[in-house]
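> Model the following, please.
(one chain, ligands or ions: 1)
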Amino acid sequence: MSESQQAEVVVVGGGIIGLAVAWRAQSSGMQVTVLDRDATGRATSHVAAGMLAPVAEVEYGEAGRRVLALGLRSAETWPSFAAELEAAAEQPVGLRRTGTLLLARDEDDARELERQLAFRSSLGLRVERLRPSAARQREPALAPTLRLALEAPDDHSVDPRLVLDALRAACVSAGVVLREHAPVARIEVDGDAGVNAVTLAGGERLAASRVVLAAGPWSSQIDGLPSAARVPVRPVKGQILRLRDPAGPGLLGTVVRYDGGYIVPRGDGRYVLGATVEEQGFAAPPTVGGVYELLRDAGELVPGISELEIEELSVGFRPGTPDNAPVIGAGGVPGLVWATGHHRNGVLLAPLTAEMIVQVLGESPRTDGAVAQLEHVAAQDTFAALLSACSPARFAGGADRPHGESPSTPVGALR
Ligand code: GLY
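Numbering: from 1, shown residues only. Here you go, the predicted model:
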């Protein structure tokens, strides 16, 4: 077994979460190494559409409220995060402030949308009811059969592939060590002393006193952690299409969301049409049924999509926890920090997750005790309250779940 040099912080996983954490941690003075089993940013984040849509995506239930609180806070952060990242990387990230329209194609959808409006209003969220004629004035490509629309004016989008490029560049220029094709086989734990190294699949041992686990749905597959410290993370399959209008931009300007999917315009004639939500494990092949349903549902609301060219069909795996809320924070063994389980909201929650992890790493160089203390002053500090809401402890040994939620209860309807 070979031993390479010591890293202060090792981040396992070079997706949008891992890279954002690495960039922010390195910029705050830590020496960070990112390990990715493939090229960085080629898994879930590469496939993501980039909706920054906490209001459109809000789910019923207590965990849904937790995700909403995180999402609203992170959405607020996105404009300054994007500006800083663009400056650091000297390249754009494709943040588009278009708002989002939620659409009803028939009477049943319209009744559901009215319910959704009441739910969002009860939470104090900014959503406006639009008559079909007003919605079609905004977006003439919407079908004349449209029954109702809601506008979420603060829900926007970003291009995750541009964000990944920019994060890679910003990480490199800040001094992060990016190690690609470096799969982690084991996290080495030395009893009560906690994490002391990671071992790569090739046998190389990288000494590290702190390890951030940001490997998305693969986070629970890495060996070495005691079972009580493990967080169950499952893959939630999404099939997604990338489309291009040969006639250029203009078909749609706003993100649209409806029962069955969403369309995210990039502003240059390209559109992302997503996405299925499937509990199929890591079943990678796209399916005829999945693609058919995506195109059928989108075509009923935006008939003009039939003219678009298909540039890409891809499959991604969202990381889902038993309550579909993320796990962010120290957990299980000293030195181990979790940053995964973002489910449908990885891109949205990246800036906030990075901020939270940097705080955890900064305030708690090694001990879980300090984090526990941090979490217990939660009442005085919204930020700490958010951290507490994401604690990996809620899954420790299958116990300590917040507010009696069943571990097998998904938060959201699978649309
Ligand atoms: N946030 C959209 C999706 O996960 O499909």
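> Can you name the residue of the stretch 101-250 of the chain nearest the ligand?
Gly238 (5.0 Å; C-beta to the nearest ligand atom). C-beta coordinates here come from the backbone N, C-alpha and C atoms, glycine included.
> Report the secondary structure state of that residue.
Here Gly238 is strand, with the state taken from DSSP: H, G, I helix; E, B strand; the rest coil.
> Could you check the pLDDT of it?
Note for Gly238: predicted pLDDT of 98.
> in the sheet, who's paired with the nearest residue to Arg270 once chain neighbours are set aside?
Setting aside the residues directly before and after it, Arg270 is nearest to Arg244 in space (C-beta to C-beta, 6 or more residues apart in numbering), at 5.1 Å. When bridges are called by DSSP bridges, Arg244 pairs up with Arg270, Glu309.
> From Ala283, how far out is Arg244?
Here the distance between Arg244 and Ala283 works out to 27 Å (C-beta to C-beta, to the nearest Å).
> and what of Arg296?
21 Å.
> same deal with Leu148?
In this structure, Leu148 and Ala283 are separated by 35 Å, where distance is defined by C-beta to C-beta.
> measure stretch 144-163 end to end?
Across its full length, stretch 144-163 reaches 36 Å end to end, with C-alpha to C-alpha, to the nearest Å as the criterion.
> in the helix ranked longest in the chain, what counts as buried?
When the chain is scanned for its longest helix (criterion: DSSP state H), the result is helix 62-89. Of the residues in helix 62-89, those buried by neighbour count under the rule 16 or more other C-beta atoms under 10 Å are 63-68, 70-75, 77-78, 81-82, 85-86, 88-89.
> near the ligand at all, that helix?
No - when contact is scored as C-beta under 6 Å from any ligand atom, no part of helix 62-89 falls within range of the ligand; the minimum is 10.4 Å.
> which is the next helix or strand following that helix?
strand 100-104 (DSSP states H and E).
> Parallel or antiparallel, list what pairs with that next one.
Sheet neighbours of strand 100-104, with direction, are listed as strand 148-152 (antiparallel), strand 255-258 (parallel) (DSSP bridges).
> as a whole number, average confidence for the next helix or strand after the longest one?
Following the chain from strand 148-152 toward its C-terminal end, the next helix or strand by DSSP H and E is strand 156-157. Across strand 156-157, the average pLDDT comes to 98.
> Strand 156-157: how far from the chain's middle?
13 Å (C-alpha atoms, centre = their mean, to the nearest Å).
> Could you pull out the buried residues of the next helix or strand along the chain from it?
Toward the C-terminus, strand 156-157 is succeeded by helix 160-174 as the next helix or strand (DSSP H and E). Buried positions in helix 160-174, judged by neighbour count with 16+ other C-beta under 10 Å: 160-171, 174.
> Need the contact partners of helix 160-174.
Helix 160-174 is contacted by residues 15-16, 19-20, 22-23, 26-27, 34, 40-41, 45-46, 48-50, 82, 85-86, 88-94, 178, 347, 350 when judged by C-beta atoms under 8 Å, 6 or more residues apart in numbering.
> wait, does that helix contact the ligand?
No - no part of helix 160-174 sits near the ligand under the criterion C-beta under 6 Å from any ligand atom; the closest distance found is 10.3 Å.
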